[in-house]
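Chemist: From the sequence below, what's the structure:
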Amino acid sequence: MASPKNTPMRQFDRSLPMALLRAREAVMKKFSPALKEHDLSPQQWRVIRALVEVDQLDASEIAERCALLMPSLSRILQNLHKRGLIDRRTSSDDQRRSMISVTPRGRALFETLSPVNEARYAHITEKFGYGKLELLYELLDELVEKIEEALQISGVCGDHLEIEITEATLMLDLERAREVLERLGDFGVTVAIDDFGTGYSSLSYLKKLPLHTLKIDQSFIMDVAFDNQDIAIVRSIIDLGHNLGYKIVAEGVEHSMAWNMLNNLGCDAAQGFHISQPLSEGNFTDWLSRPVLL
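Modeler: Numbering: from 1, shown residues only. Predicted structure coming up:
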């Protein structure tokens with residue numbers, strides 16, 4: 001395995017997370033116009049799709065299937081019910097349980113949009129290639145195998161390795177991401193969510209995936225010493241993460257005022273030029289041996 005000591009950082013446009021994010025945005029551009037024509041958000045469409053496949057579901061089952069937080073789902077259900085796209089009734093088995101089903105109007109909307117969306121899928125598959133899509137899944141599996149092999153060869157314990165992945169990358173295929181992360185967790189590797197707060201609109205994935213660290217995006221950190229909104233957001237993320245048992249890391253700490261504010265808010269760790277610029281292995285060893293004044 002080559003030493004990374006003198007390896008320069010790859011160009012920004014060749015970053016794997018950025019490439020995946022651009023791909024996701026390109027794909028969503030194919031689907032969003034059709035949904036907007038019918039005044040549907042992607043989350044609302046997700047709920048209708050889930051309900052079409054089964055006779056009825058309760059709210060918790062919909063939240064689980066659609067990766068939505070309950071407060072968000074409540075608003076979505078209210079909107080869909082008001083528009084006559086879903087129906088709600090009390091369960092005959094449990095009076096406390098509300099069962100939800102798609103109405104004929106909702107099913108008609110699904111049948112209107114399905115051919116359009118399926119045509120988008122067919123177009124993407126044709127342009128990208130069915131074989132390449134299958135290869136993408138195989139490469140994800142191979143990534144896990146290579147990491148496990150590298151740990152065995154190096155003799156490094158898995159719990160000494162942490163992998164960072166962005167929210168947007170996770171959402172490309174949540175179920176496959178869960179499978180991959182669980183396999184990594186089997187040999188001790190931990191997972192950090194990078195750029196937290198800038199990606200997915202639903203936080204339900206936090207309870208579905210084996211995560212360990214949340215890294216607060218630097219856009220919330222740059223002015224955290226001065227901006228009350230940033231302070232409120234960062235405090236909320238820290239409280240949320242700690243309540244879920246996660247370690248919290250702040251990205252992009254550039255000055256002592258941000259450092260002091262994060263310390264007061266209870267942030268666990270930080271990274272940024274205020275602490276140090278990126279270092280080679282040798283310089284990092286020297287840096288550790290010196291007292292650091294923050």
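Chemist: can you pull the pLDDT of the residue nearest to residue 66 when sequence neighbours are not counted?
Modeler: Spatial nearest neighbour of residue 66, excluding adjacent residues (C-beta to C-beta, 6 or more residues apart in numbering): residue 46 at 4.5 Å. (C-beta placed from N, C-alpha, C; glycine too.) Here the pLDDT value assigned to residue 46 is 86.
Chemist: Would you mind putting the CA coordinates of stretch 275-293 into CSV?
Modeler: In CSV, the C-alpha atoms belonging to stretch 275-293 read as follows (Å, rounded to 0.1, in the frame of the first residue of the first chain):
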residue,chain,number,x,y,z
ILE,A,275,-6.1,24.3,15.1
SER,A,276,-3.7,23.4,12.2
GLN,A,277,-3.4,23.3,8.5
PRO,A,278,-3.2,19.9,6.8
LEU,A,279,0.0,18.1,7.8
SER,A,280,2.1,15.3,6.5
GLU,A,281,2.7,12.3,8.7
GLY,A,282,6.1,13.5,9.9
ASN,A,283,4.9,17.1,10.6
PHE,A,284,1.8,15.8,12.4
THR,A,285,4.0,13.7,14.7
ASP,A,286,6.1,16.9,15.5
TRP,A,287,2.9,18.9,16.0
LEU,A,288,1.6,16.4,18.6
SER,A,289,4.9,16.7,20.5
ARG,A,290,4.5,20.4,21.0
PRO,A,291,2.1,22.2,23.3
VAL,A,292,-0.8,23.7,21.4
LEU,A,293,-2.3,27.0,22.4
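Chemist: in that stretch, what counts as buried?
Modeler: Using 16 or more other C-beta atoms under 10 Å as the test for burial, stretch 275-293 gives no buried residues.
Chemist: For the stretch 151-294 of the chain, give me the ranges with low pLDDT.
Modeler: 172, 186, 199-202, 292-294 (pLDDT under 70).
Chemist: the longest strand in the protein is where?
Modeler: strand 190-196 (DSSP state E).
Chemist: Give the pairing partners of that strand; include direction for each.
Modeler: strand 162-166 (parallel), strand 213-216 (parallel) (DSSP bridges).
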